[in-house]
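**Q** Kindly return the folded structure for what I paste below:
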Amino acid sequence: MSIIETRLERSDAGGSAPLRLGIAGLGRSGWNIHAKTIRGLPRMFRITAAMAPAQSRRDQAVAELGCRVCETYDEL
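**A** As a prediction, the model looks like this:
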């Protein structure tokens with residue numbers, strides 16, 4: 001059984017809260033692959049932090065993801 005299948009089974013049984021994740025980098029891949037995929041699995045994952053050097057990307061993360069934002073990897 002894959003990790004995704006295991007987490008879905010546990011969440012369906014009420015035994016597992018969503019795994020909290022941070023995204024390091026909010027460029028094309030960060031938004032169009034990672035964030036999009038994670039947001040599509042809300043029973044399994046929740047984005048709680050994001051890192052981007054660009055202020056505009058951090059502002060977008062706050063607005064769209066409602067998560068904590070950081071400017072550097074060390075802060076994340």
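
**Q** Let me see the contact set for the residue nearest the centre of the chain.
**A** Most central in the chain under C-alpha atoms, centre = their mean is I47, positioned 2.8 Å from the mean C-alpha point. I47 is in contact with R20, L21, G22, I23, A35, I38, R39, L65, C67, counting by C-beta atoms under 8 Å, 6 or more residues apart in numbering. Every residue, glycine included, has its C-beta placed from N, CA and C.

**Q** Would you mind naming the residues that bridge with the second one?
**A** Per DSSP bridges, the residues bridged to L21 are I47.

**Q** Going along the chain, name the helices of this protein.
**A** For the chain, the helices defined by DSSP state H cover 3-12, 28-29, 36-39, 55-65.

**Q** E64: neighbour count?
**A** Neighbourhood size, E64 [other C-beta atoms under 10 Å]: 13.

**Q** Now do the same contact list for the closest residue to R57 other than its chain neighbours.
**A** Excluding its sequence neighbours, the residue lying closest to R57 (C-beta to C-beta, 6 or more residues apart in numbering) is L26, at 4.2 Å. The neighbours of L26, taking C-beta under 8 Å, 6+ apart as the test, are A35, A50, M51, A52, A54, R57, R58, Q60, A61.

**Q** Would you mind checking those residues for buried ones?
**A** By neighbour count, with 16 or more other C-beta atoms under 10 Å, the contacts of L26 hold A35, A50, M51, A52, R57, R58, Q60, A61 as buried.

**Q** Contact partners for the closest residue in space to R20 that isn't next to it in sequence?
**A** Spatially, and ignoring its direct neighbours in sequence, R20 is nearest to T48 (4.4 Å; C-beta to C-beta, 6+ apart). When contacts are counted by C-beta under 8 Å, 6+ apart, T48 touches R20, L21, G22, C67, R68.
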